[in-house]
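Chemist: Sequence plus the predicted model coming up.
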Amino acid sequence: MHLFLNLAILSFIFSCTTIASLMDEPNPPIKHTIKDLSTYEAKLADYISITKPIAQDIYMRYSKLKN
């Protein structure tokens, strides 16, 4: 029982570190030119492709609403 509790705490700590180490969401451009907006769109797509799988994994691990 003690080992299980330690493993659960360790798993929780690793999950929190993963969330804390996520990169910041890109800031929208100040000038709304096509070049600036397309650069922002590319950065936003990269951000989503990195963070979405992590968020889904954590949700599936700790959510009580299992599919």
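Modeler: Okay, I see it. Numbers count the residues shown, from 1 in each chain.
Chemist: element containing E41?
Modeler: Counting by DSSP states H and E, the element that carries E41 is helix 34-62.
Chemist: for that helix, the distance to its chain's centre please.
Modeler: 8 Å (CA atoms, centre = their mean, to the nearest Å).
Chemist: And the pLDDT at the residue sitting nearest the centre point of the chain?
Modeler: Nearest residue to the geometric centre of the chain (CA atoms, centre = their mean): T51, 3.4 Å. Per-residue confidence (pLDDT) for T51: 85.
Chemist: Any stretches of this structure with poor pLDDT?
Modeler: 1, 10, 12-22, 65-67 (pLDDT under 70).
Chemist: Any figure for the gap between the residue nearest to the centre of the chain and I34?
Modeler: T51 sits 26 Å away from I34, going by CB to CB, to the nearest Å. Heads up, the C-betas are built off the backbone N, CA and C, glycines and all.
Chemist: What of A42?
Modeler: 13 Å.
Chemist: ok, the two, which is more surrounded?
Modeler: When A42 and I34 are compared for neighbours, A42 comes out ahead with 11 against 7, by other CB atoms under 10 Å.
Chemist: Y40 reaches I30, doesn't it?
Modeler: No. Between Y40 and I30 there is no contact under CB atoms under 8 Å: 10.3 Å.
Chemist: Tell me which of these two has more neighbours.
Modeler: Set Y40 next to I30 and count neighbours by other CB under 10 Å: Y40 wins out with 15 against 7.
Chemist: where does the more buried one sit relative to P26, distance-wise?
Modeler: Distance, Y40 to P26, using CB to CB: 6 Å.
Chemist: Equivalent analysis for K64, please.
Modeler: With CB to CB as the criterion, K64 and P26 are 32 Å apart.
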